[in-house]
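J.: Have a look at this fold, sequence not included:
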């Protein structure tokens, strides 16, 4: 088993609405291991995106602990959380959030310069990543409005990886893509995970879920099931797909 490097203890998140308390996360104890590809699934309102935001320091819990590499982050102030995210986390969202007034290359470089002042090193890494995901120089010189949805999401993946994050958080990264572009993004995520990148991803897509080696299913803010799978390969896709579908059906997905 890989090294434990992110965990929650009795994690709770409560919102107030019209004087009523809504318990979105309820006493969650979750362990995430270095190098894992962890998928979080659940119906709408189950708390999966809230959990992702809490784990990544984008939101703070009401109660409980979030421990990253031995350090509790739940009580960090806003500057400390921003620094934590900048140094340790990469993010990919369904809404891609590229800056429209910058080229794709400049979108990536700007993110890289936030952490690393060695501009030649960042430029070299960016270009290597572009080629790895199949985006040629002609494409990376374009602006977001000139690219397809799949090309923009691949660029967003490069932006999330430019600073070699300890963990990559993804929130429905294939949700707005067609099946072909979605597969391209999943192939990239699978490859970087196989090279050791830790990933935590929220998805509704069974095709995305079977890329993981672990699926956590939430219901009403609680973990109601977990499925552990071997590392993904084309050879075991049919078997892991059946296991994932059986698991989700058992949890009334």
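T.: It's in. No experiment lies behind these values; they were computed from the predicted model shown.
J.: only C-alpha atoms for contact and neighbour calcs from this point on.
T.: Fine.
J.: in the one helix or strand residue 184 maps to, what's buried?
T.: Counting by DSSP states H and E, the element that carries residue 184 is helix 179-194. By neighbour count on 16 or more other C-alpha atoms under 10 Å, the buried set for helix 179-194 is 181, 182, 183, 184, 185, 186, 188, 189, 190, 192, 193, 194.
J.: Which member of those residues is positioned nearest residue 230?
T.: Checking the buried residues of helix 179-194 against residue 230 with C-alpha to C-alpha, the nearest one is residue 194 at 11.8 Å.
J.: Contacts only, for that closest one.
T.: Counting by C-alpha atoms under 8 Å, 6 or more residues apart in numbering, residue 194 makes contact with nothing.
J.: in the helix or strand harbouring residue 14, what counts as buried?
T.: Per DSSP H and E, residue 14 falls inside strand 4-17. Judged by neighbour count using 16+ other C-alpha under 10 Å, the buried positions of strand 4-17 are 5, 6, 7, 8, 11, 12, 13.
J.: Report the distance from the helix or strand where residue 124 lies to the chain centre.
T.: Residue 124 is part of helix 119-132, with elements assigned from DSSP H and E. Centroid separation for helix 119-132 versus its chain: 21 Å, with C-alpha atoms, centre = their mean, to the nearest Å.
J.: any idea which helix or strand comes after it?
T.: helix 137-140.
J.: Quick one: list the elements packing against that following helix.
T.: Where contact means 3 or more C-alpha pairs under 8 Å, 6 or more residues apart in numbering; DSSP states H and E, helix 137-140 is packed against helix 104-113.
J.: which other residues reach the helix it packs on?
T.: Helix 104-113 is contacted by residues 98-99, 119, 122-123, 126, 139-144, 155-156, 158-159, 162-163 when judged by C-alpha under 8 Å, 6+ apart.
J.: Ok, stretch 220-230 next?
T.: Residues from elsewhere that reach stretch 220-230 (C-alpha under 8 Å, 6+ apart): 23-28, 45-48, 212-218, 240, 244, 247, 251.
J.: so residue 228 bridges to which residues?
T.: Residue 228 forms beta bridges with residue 214, as assigned by DSSP bridges.
J.: Just confirm residue 101 contacts residue 143, I think it does.
T.: Yes - assessed by C-alpha atoms under 8 Å, residue 101 is found in contact with residue 143 at 7.2 Å.
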